[in-house]
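J.: fold the following and give me the result.
(2 chains)
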Amino acid sequence: MNRLPSSRELSERVEIDFPRRSRRRLRRRLAWVALLAVFATAAWIGSEWRSGQHRVFAAGGVSTAHRMIENDCGACHTTWAPLERLANWVDPGSIRSIDNSKCLACHDRALHHRDQVPGHGHDGLSCAECHREHRHHERLARVEDRQCLRCHSDLKTTSGSTSTFVHSLTTFEADGQHPHPEFALKRILLESAAGSRPGPEHGVWKVGDAGESGSGFRDRARLRFNHSAHLKVEKNSKGELVVGLRNSDGRTVDFSKNCNSCHESDESGGYMRPVRFESHCRACHPLLFDNRNEPGHQVPHVTADLIRGWLTEKYTLGALEQAGSRSPGSATDVTGRDSRRPFPGPAERRTLDPAMARDVLGRVQVAEAVVQQHVHTLFGYEAKGGCRYCHEVTDAGSHWRVEPPGIPDRWMIHSRFRHGSHRLMRCEECHGDVASSRRTSDVLMPAIATCRGCHSPRPTAKRFARAAWGARSDCVECHDYHGRDGSKSSQVTTPPRSTAEDGSISGR
Amino acid sequence: MILDRSHRQWLLVSGILLGLGTVCYLWYASGPAGVSGGSLPGLIFAIVGTSMMIFAGLLSARRQVPTWRIGSAQFWLKGHIWLGLLSVAFILFHAGFRWGGPVEIGLWLSTAVIVLSGVVGLGLQQVLPRLLTTRVPRETFIDQLPYQCASMQFLADKIVSEAAGKLDTSARRAIGVAEDVCRQRKWLKRESDLQKIVSAIYENPPQLVPEDSGPAKPKPAARKPGTPSPLLAAQLAAKPAAPERPVIRTEELKTFYLKTVRPFLANSSRGNSPLAQADRRRAAFEQMRVDLPSELHGVLDQLEQFCYERSQLHRLRTIHRWLHGWQYLHVPVSASLLVLFIIHVVISLRVVPWEW
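T.: The predicted model follows:
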């Protein structure tokens, strides 16, 4: 049983004419299946083409902002460059499939820096060289560091001078070969404190100055504010707050843990709104002017001129009204005339009562004196509890001048920052000196080392082993390329002035 | 195709090319412009990778002209394997390890399917041919399976009919191969012998040769169902009848054959039939040997041999499906890849200057 067959038996198992017959059944089947696959593929592509879905041919998903034109290749592409690049071995990088004019049809042109060289060996920078589309990127503006380092690793400028910026910058890491320098603000602060001559300014002097003595860099805001006093708290043995500041509800609160009581973020969550007297200060610092006679009454927090006008109106007109109310008939003005409009016809000419006139004059003079007294109380040198408590008020001879506070909205104007992204951190983790700051001139901005604590380059095998990596640290995480030199107003702003806190008005 | 020492040269050359390509890619990727399929280095990677793919794809074209002296089949097959694998690396360098758009994703998926099915096919071809020689000693051409099944059926029909009388069954397929089988065994002395043989086996045989093709002979009287054939009757007459088995139950044999054995011998039978398993097959025939007289044991032995051969053909078909089945994925997806590749090239290079 189950013996091996002999060769004759094996030969008898095959058809006589089998060697002459075609044995390509498998190949025929494969050919048919392959043909079916070809038709299926062509049908898929054809259906996409007919339906106008040209994105199927794109080399990748477009960014969110370009989704509206993803089926219109001609909106960006002018020529298909690869063949020309193959033909041009000398300078293939100069041949691009996108012309800048297509980009500029929608986007604003903005230079990076007025001293920048035209660009990378060609007659101009191509938008597409940095903004690589079809890479499934959500934001085209998030370009790779290498694009920035093309210039900043060996910086050259049209003026030939690179003293404003570091000549070579290759990494954000502190221990890299050419690390990112200290923030200009902090560097100048440290250099000033050390007594050395501060280096390139990087726009820092827009938000600070060297002080009256020129000794060092300081906050140039012309306002008196003591963070330390505002954050001072004391608790009893039971942990109850006994010393603190009162909020608008009249409760004593620990402001050291409630920075956002004064520093509120804007709608975007990026930056802090300016601190406003009305909403943040008045509850604790009421602008009382005559608490004995007018208990609880406050002057508005407006310009010096308006405050004087407000006081004049209050006292002078008040005096006139009082004078008018003493004469019979309540509808008389200061001259004793009836303020009511008479009917047409022969008018009754009323004569001025000299006694009343003297009385009115006397009241007005008294009211003027009171106004003047209050103005002095608020603005004068003796006004320790008035406007001078916070503001710098100068005597301009004929009038008092309240110096604009000039509090900058942004300190590091060449970078971006989002407070909202850092909301899990406590304020003092970055603004560490705030609790001990007594003067307005103290600059309470963090150093780059604080940022490096969390922001480090992308993980590599080595860093992964050390677990020394974290938040992103690429250039565009903080910096904008376009409009860096101020050509786009939305990117770089000079410290704005608050109209409510400006004042340079006459009136003694 | 066995991966053996003859592949060392290909392996070495492929390794060197891969190393060179990797070094070039690293240099190119570390440049300030980054990687892009449309850049000059990216295009060069694309051309090299595509050339390798085309060479790999030309294997099927080479098979169409086996007589041309353009390298041995081994050379083309080795090139198909090694350059096909290497082309994936170069296409990755071209794409900068990115998926791309829908067409490119289609290209990647096709390439992945092709490479994986090819690697699986290569692995199967390393193992299965050896398995065939050890597990299927009666290996034959896969295209001959229907013929072999039909011929086995015909021979089994003949054996059973000789022992148990004519078979009342539809035997169109078996009769179709009867002439071949008879000729190979030199049973046909005259033209009319085929008709005689078939008529001796089946109750209602079809007319295979014209009536006047041979001298007319009186037909033998039809036996009654269940009575032994003259040959068997003579054998039985020569032997003394066993006292314990006075009746030869040929009807049982015929029923067993027609209901169990014959369907299993058919080309359409399933591999999971009880007779396909050695132990169950042995048990079934042992049972029949117990039930049937020893005079029929020779017939049972031959039927069991046919069943054994048929089970081997089942195994052969299974192995053959594994050996070549991967091509049903490999070849059609390669064709799709070709279509997508053409579209990718046309769109990328814009050789057709249509307006969008």
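
J.: show me what contacts residue A:169?
T.: A:149, A:152, A:153, A:155, A:178, A:179, A:180, A:181 (Cβ atoms under 8 Å, 6 or more residues apart in numbering or on different chains). (Glycine included, C-beta is placed from N, CA and C.)

J.: now residue A:63
T.: Here residue A:63 is in contact with A:133, A:137, A:138, A:139, A:140 (Cβ under 8 Å, 6+ apart).

J.: how about a cut-off of 10 Å?
T.: A:70, A:131-142 (Cβ atoms under 10 Å, 6 or more residues apart in numbering or on different chains).

J.: what of residue A:367?
T.: A:311, A:312, A:314, A:315, A:316, A:317, A:318, A:319, A:320, A:322.

J.: excluding its backbone neighbours, what's nearest the first one?
T.: Right, the one you point to is residue A:311. In space, residue A:311 comes closest to residue A:371 once its chain neighbours are excluded; the distance is 4.6 Å by Cβ to Cβ, 6 or more residues apart in numbering or on different chains.

J.: tell me the pLDDT of that neighbour.
T.: Here, the pLDDT recorded for residue A:371 equals 88.

J.: how far is the helix or strand hosting it from where the chain is centred?
T.: Secondary structure from DSSP states H and E places residue A:371 in helix A:354-379. Relative to its chain's centre, helix A:354-379 lies at 49 Å (Cα atoms, centre = their mean, to the nearest Å).

J.: and if you look at stretch A:301-311?
T.: In terms of Cα atoms, centre = their mean, the gap separating the centre of stretch A:301-311 from the centre of its chain is 32 Å.

J.: what comes up buried for it?
T.: For stretch A:301-311, the buried set under the neighbour-count rule, 16 or more other Cβ atoms under 10 Å in any protein chain shown, comprises A:301, A:302, A:303, A:304, A:305, A:307, A:308, A:310, A:311.

J.: give me the mean pLDDT for the helix or strand containing the last one.
T.: Residue A:311 belongs to helix A:304-312 when elements are defined using DSSP H and E. If you average the pLDDT over helix A:304-312, you get 88.

J.: okay, the angle between it and helix A:354-379?
T.: Between the axis of helix A:304-312 and that of helix A:354-379 there is an angle of 140 degrees, by axes from the mean of the first three to the mean of the last three Cα atoms, to 10 degrees.

J.: max-length helix in chain B?
T.: helix B:102-135 (DSSP state H).

J.: what's the model's confidence in that one, averaged?
T.: 91.

J.: residue ranges with poor pLDDT in the stretch 301-450 of chain A?
T.: Low-confidence regions of the stretch 301-450 of chain A, defined here as pLDDT under 70, cover residues A:323-352, A:382-385.

J.: now the helices for it?
T.: For the stretch 301-450 of chain A, the helices defined by DSSP state H, counting those that start in this stretch occupy A:304-312, A:318-326, A:354-379, A:427-430, A:448-452.

J.: what do you get for the stretch 201-350 of chain B?
T.: Counting by DSSP H, counting those that start in this stretch, the helices of the stretch 201-350 of chain B are B:230-238, B:250-256, B:262-265, B:278-291, B:297-325, B:327-349.

J.: go through those and name the closest to residue A:258.
T.: Closest approach to residue A:258 among the helices of the stretch 201-350 of chain B (Cβ to Cβ): helix B:327-349, 59.4 Å.

J.: wait, does that closest one contact chain A?
T.: Yes: Helix B:327-349 reaches chain A (Cβ under 10 Å from any Cβ of the partner chain) through B:327-340, B:342-349.

J.: coming back round to it: quick one, what contacts the residue nearest to residue A:311?
T.: Contacts of residue A:371 by Cβ under 10 Å, 6+ apart are A:308, A:309, A:310, A:311, A:312, A:313, A:314, A:315, A:316, A:507.

J.: please redo it, this time with the cut-off set to 6 Å
T.: Residues near residue A:371 by Cβ atoms under 6 Å, 6 or more residues apart in numbering or on different chains: A:311, A:312, A:315.

J.: over to residue A:252?
T.: So residue A:252 contacts A:241, A:244, A:246 (Cβ under 6 Å, 6+ apart).

J.: quick check, nearest of those residues to chain B?
T.: residue A:244 (56.0 Å; Cβ to the nearest Cβ).

J.: and for the closest one, the neighbour number?
T.: Residue A:244: 19 surrounding residues under other Cβ atoms under 10 Å in any protein chain shown.

J.: picking up where we left off before, least confident of the helices of the stretch 201-350 of chain B, on average?
T.: helix B:230-238 (a mean of 58).

J.: before we move on, back to that, show the buried residues in the residues of helix B:327-349 next to chain A.
T.: B:327-340, B:343-344, B:347-349.

J.: how about the helices in the stretch 1-150 of chain A?
T.: Ranges of helices in the stretch 1-150 of chain A, per DSSP H, counting those that start in this stretch, are A:7-12, A:25-50, A:82-87, A:100-104, A:127-130, A:145-152.

J.: as a markdown table, those with mean neighbour count would be great.
T.: Below are the helices of the stretch 1-150 of chain A laid out as a markdown table (neighbours: other Cβ atoms under 10 Å in any protein chain shown):
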| stretch | mean neighbour count |
| --- | --- |
| helix A:7-12 | 11 |
| helix A:25-50 | 15 |
| helix A:82-87 | 16 |
| helix A:100-104 | 13 |
| helix A:127-130 | 19 |
| helix A:145-152 | 18 |
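
J.: what's the closest of these to residue B:129?
T.: helix A:25-50 (15.9 Å).

J.: can you tell if the closest one touches chain B?
T.: Yes: Helix A:25-50 is in contact with chain B by Cβ under 6 Å from any Cβ of the partner chain, via A:30, A:33, A:34, A:37, A:38, A:41, A:42, A:45.

J.: could you dump those residues into CSV with distance to residue B:320 and pLDDT added?
T.: Shown next, in CSV, are those (distance: Cβ to Cβ, whole Å; pLDDT from 0 to 100):
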residue, distance to residue B:320, pLDDT
A:30, 14, 89
A:33, 17, 93
A:34, 20, 93
A:37, 23, 95
A:38, 26, 94
A:41, 29, 93
A:42, 32, 93
A:45, 35, 90
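
J.: save those residues as CSV, and put in distance to residue A:426 too.
T.: As requested, the residues of helix A:25-50 next to chain B are exported to CSV (distance: Cβ to Cβ, whole Å):
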residue, distance to residue A:426
A:30, 69
A:33, 66
A:34, 66
A:37, 62
A:38, 64
A:41, 59
A:42, 62
A:45, 57
